[in-house]
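1. Kindly generate the corresponding structure for this input.
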Amino acid sequence: MNAFFLAFAYLRFHWGRSLVLVLVAALILSVPIISQVLLNGSQKALTERAEETPLVLGRRGSQLDLAMNALYFSDDRAEPVTMADADAIWDSGLALPIPLNTAFETNGARIVGTTLEYFDFRDLEVTRGRQMALLGEAVLGARVAARLDLEPGDTVVSAPQNLFDLDGVYPLELNIVGVLAGTGTADDEAVFVDIKTSWVIAGIGHGHDSVLSPGATQGDIVAAADIVEFNRITQENIDSFHFHGDPASYPVSAILLVPNDTRDATILRGRYLDPENAVQMIVPKDVIGELVGRIFRIKSLLDAVTLIVGAAALAAVGLAVFLTYRLRAREIQTAFKIGARRGMILRLLAAETVILLCFAGMIASGIALAVKSNGSALVSWLLAG
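-> Numbers count the residues shown, from 1 in each chain. Alright, predicted model coming up:
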């Protein structure tokens, strides 16, 4: 106890040097812990959501891009399919199709146009406000609402896919009517709207100002080319909104499929095996399973690199401690002259090392706990990016 008392007094007196050693050691200890937490969290987030999603229909191409976009609303998006593909699934009676349109975003959050069946499928509950019911209404994921400090009654404005794609795309002011309960999934980072609202953003649907002047009659209507298109849906103009073209041709980024049973799922998969078909059907569990397998093959290499870097960093800390002890040679000689034995000196140095490592361990544990508590948010952000 005397050795620890003297060691702590010495470290407190030289607090600057002690602090640097503690922080460096804490970072060295926390790096492998953080990597394990994030890898395990990624595996859990990837596999759980994929296993909960039986089938996904989308444009033929990269199966991984389709799965990541449909499950995690990532930026990697293939060419859209159409509502005709969703109607074909519905007409077959083999599965429930849930269309997703993820072409737009707002304030760094993905706008997901879908139907109310999606909320039942993902067990999403509104904790504040109500569920969307009208054109132009939006429901926010928990983390989006917290990050943007938004509540029911506020508004957000949609953004185009990119700054050079403005043809037919009008920023639309969305009325926030509800906030979802947190789930620790990609749904927390999304802004949900009715799929028809997403088509309004795309320019497929729009409303017009009245072409009747006050006191005029239907016979006095004179249409002009400069009729103003709304970028805000209100009680006054909602009835004027309409859509152009065949509804079967409207774009859909992906379609989640909920088969009635295993037999129906097998029949559906068989119908989309033809490689000449422009539409493909994937099993997210298989696609994400391959991705997870690759990640954990890389993990062994990452562990080896972490071990080497950690060993080198510990060696550097050990060298710093050794040089510190060398600089204290006169102090140690003075301790010998006043009667301290060699064993006592070693106990003092060992006590200092133990105290430094204890503080470093506590800081490393705090960092690991912070990463673990926010692991789902970090993983969702990484997957979406």
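
2. Please count neighbours and contacts with C-alpha atoms only from this point.
-> Noted.

3. Now for the spatially closest residue to residue 94 that is not a sequence neighbour, which secondary structure element holds it?
-> Of all residues not flanking residue 94 in the chain, residue 264 sits nearest, at 5.3 Å (Cα to Cα, 6 or more residues apart in numbering). Taking DSSP states H and E as the definition, one finds residue 264 inside helix 262-271.

4. Given whichever helix or strand comes after that helix, what are its sheet partners and their directions?
-> Proceeding N to C from helix 262-271, the next assigned helix or strand is strand 279-282, under DSSP H and E. According to DSSP bridges, strand 279-282 has the following sheet partners: strand 55-59 (antiparallel).

5. Who are the packing partners of the helix or strand just after the strand it pairs with?
-> Next helix or strand after strand 55-59 toward the C-terminus (DSSP H and E): helix 63-72. Other helices and strands packing on helix 63-72, by 3 or more Cα pairs under 8 Å, 6 or more residues apart in numbering; DSSP states H and E, are strand 55-59, strand 254-259, helix 284-327, helix 375-384.

6. For helix 63-72, buried residues please.
-> 63-72 (16 or more other Cα atoms under 10 Å).

7. still on that earlier bit, looking at the helices and strands packed on helix 63-72, which is nearest to residue 185?
-> Proximity to residue 185 (Cα to Cα) singles out helix 375-384 among the helices and strands packed on helix 63-72, at 6.2 Å.

8. okay, stretch 251-270 in CSV with CA atoms only?
-> What follows is stretch 251-270 as a C-alpha-only set of coordinates in CSV (Å, rounded to 0.1, in the frame of the first residue of the first chain):
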residue,chain,number,x,y,z
PRO,A,251,-41.0,3.7,-61.1
VAL,A,252,-40.2,1.5,-58.0
SER,A,253,-36.7,1.0,-56.7
ALA,A,254,-37.4,-2.4,-55.3
ILE,A,255,-40.2,-4.6,-54.1
LEU,A,256,-40.2,-6.6,-50.9
LEU,A,257,-42.2,-9.8,-51.2
VAL,A,258,-43.9,-11.7,-48.4
PRO,A,259,-44.8,-15.1,-49.7
ASN,A,260,-47.8,-17.0,-48.2
ASP,A,261,-45.6,-20.0,-47.5
THR,A,262,-42.4,-21.8,-48.6
ARG,A,263,-44.1,-23.5,-51.5
ASP,A,264,-45.3,-20.1,-53.0
ALA,A,265,-41.8,-18.6,-52.4
THR,A,266,-40.3,-21.5,-54.4
ILE,A,267,-42.8,-21.0,-57.3
LEU,A,268,-42.1,-17.3,-57.4
ARG,A,269,-38.3,-17.8,-57.5
GLY,A,270,-38.7,-20.2,-60.4
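
9. going forward can the numbers begin at 17, since that is how I track them
-> Fine by me, first position is 17 from now on; the one you just mentioned is stretch 267-286.

10. For that stretch, give me every contacting residue.
-> 69-75, 82, 85-86, 93-99, 102, 110-119, 215, 297-298 (Cα atoms under 8 Å, 6 or more residues apart in numbering).

11. thinking again about what came up before, what are the buried residues along the helix holding residue 280?
-> 280-281, 284.

12. and what of stretch 312-323?
-> Result for stretch 312-323 [16+ other Cα under 10 Å]: buried residues residue 322.
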